[in-house]
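> Predicted model follows, preceded by the sequence.
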Amino acid sequence: METPSAVIELRDARIMQDVHTVLQHVSLEVGKGEFAYLVGRTGSGKTSLLKTLYADLPLAEGMGSVVGYPLRQLPPARVPYLRRKLGIVFQDFQLLYDRSVAQNLLFVMQATGWRDRAKMKQRVQDVLMRVGLTGVATKMPHQLSGGEQQRVVIARALLNEPALLLADEPTGNLDPDVTDGIMRLFLEINNAGTAVLMATHNYELIRRYPKRVFRCEDGKVSVIGSEELRVKNYG
């Protein structure tokens, strides 16, 4: 039974990568407007879990619901509708480097059903302003710093006003000062009502900005208490 206040709900879920089970008996819930972290060593299943949540990998077993869409019963034709309610932020940016910043954003808007050119151009300006990048619309990605490129990726994720932002190691390639700015941006987005689930290895961030923490370890997902976080590192 889906919980109306949850943007993510998994019950006894099995997460697969190809033919391999990476996580099993996963039960977790992220509420509307909540911010939560996902931690675990490399290969522990964090990325596979995120990919399952945005329907890049099928949910093998159990119940799963993301922003109201049932993952087990979701036909391929409905996947784009799920993703319109999500923002996805990758560590490696996945920008189109032969197109300007604005063209990168417009490409996503066209792919998700936008048609009114005037509204599209205004939305591009709005999201770039929101991430602190007014004035870069005509620049090419290679003309921007790593931190600025990540802000473009976040702007892209915000285009459709998502109910949920999924971020896979969004600060993994950034230096500490830039990382802090990106983290504050995620918190601003969260404070405006968007739920965030962020996979990270950065325990300093978690200690500085404490939220609920899910840990992937030994094929299971559990919640880590704040005291455990202080004394151990699960990156």
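Yes, it's here.
> if you average pLDDT over stretch 187-207, what comes out?
The average pLDDT for stretch 187-207 rounds to 95.
> again, but for stretch 82-98
91.
> Same check on stretch 135-149?
On average, stretch 135-149 scores 95.
> need the helices for the chain, in chain order.
Using DSSP state H, the helices of the chain run over 46-53, 79-84, 101-111, 117-130, 146-158, 176-191, 203-208, 226-231.
> distance of the residue nearest to the spatial centre of the chain from V153?
Centroid-nearest residue in the chain: L166, 1.4 Å away (criterion: CA atoms, centre = their mean). Distance, L166 to V153, using CB to CB, to the nearest Å: 12 Å. For every residue, glycine as well, the C-beta is placed using N, CA and C.
> what residues are shared contacts of these two?
Shared contacts of L166 and V153 (CB atoms under 8 Å, 6 or more residues apart in numbering): V89.
> Just give the nearest non-adjacent residue to R151, would you?
V131 (4.3 Å; CB to CB, 6 or more residues apart in numbering).
> From T112, how far off is that neighbour?
18 Å.
> Below-threshold pLDDT in the protein: ranges please.
Low-confidence segments of the chain, defined by pLDDT under 70: 1-4, 226-235.
> thinking again about what came up before, neighbours of the residue nearest to R151, just the number please.
Neighbour count of V131, defined by other CB atoms under 10 Å: 22.
> same deal with A199?
A199 has 23 nearby residues by other CB under 10 Å.
> Touching, the residue nearest to the centre of the chain and R83? I think so.
No: using CB atoms under 8 Å, L166 is not in contact with R83; the gap is 10.1 Å.
> Could you export stretch 141-161 as PDB, keeping only the C-alpha atoms?
Backbone C-alpha positions of stretch 141-161 (Å, rounded to 0.1, in the frame of the first residue of the first chain) are rendered in PDB as follows:
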ATOM      1  CA  PRO A 141      30.300  23.700 -21.300                       C
ATOM      2  CA  HIS A 142      34.100  23.600 -21.800                       C
ATOM      3  CA  GLN A 143      34.300  27.300 -21.000                       C
ATOM      4  CA  LEU A 144      32.900  26.700 -17.500                       C
ATOM      5  CA  SER A 145      34.600  25.400 -14.400                       C
ATOM      6  CA  GLY A 146      33.700  22.000 -12.900                       C
ATOM      7  CA  GLY A 147      31.600  23.700 -10.200                       C
ATOM      8  CA  GLU A 148      29.800  25.800 -12.900                       C
ATOM      9  CA  GLN A 149      29.200  22.700 -15.000                       C
ATOM     10  CA  GLN A 150      27.600  20.900 -12.000                       C
ATOM     11  CA  ARG A 151      25.400  23.900 -11.500                       C
ATOM     12  CA  VAL A 152      24.200  23.600 -15.100                       C
ATOM     13  CA  VAL A 153      23.400  19.900 -14.400                       C
ATOM     14  CA  ILE A 154      21.400  21.000 -11.400                       C
ATOM     15  CA  ALA A 155      19.600  23.600 -13.400                       C
ATOM     16  CA  ARG A 156      18.800  20.900 -16.000                       C
ATOM     17  CA  ALA A 157      17.400  18.700 -13.200                       C
ATOM     18  CA  LEU A 158      15.100  21.600 -12.100                       C
ATOM     19  CA  LEU A 159      13.600  22.300 -15.500                       C
ATOM     20  CA  ASN A 160      10.400  20.400 -14.900                       C
ATOM     21  CA  GLU A 161      10.000  21.400 -11.200                       C
END
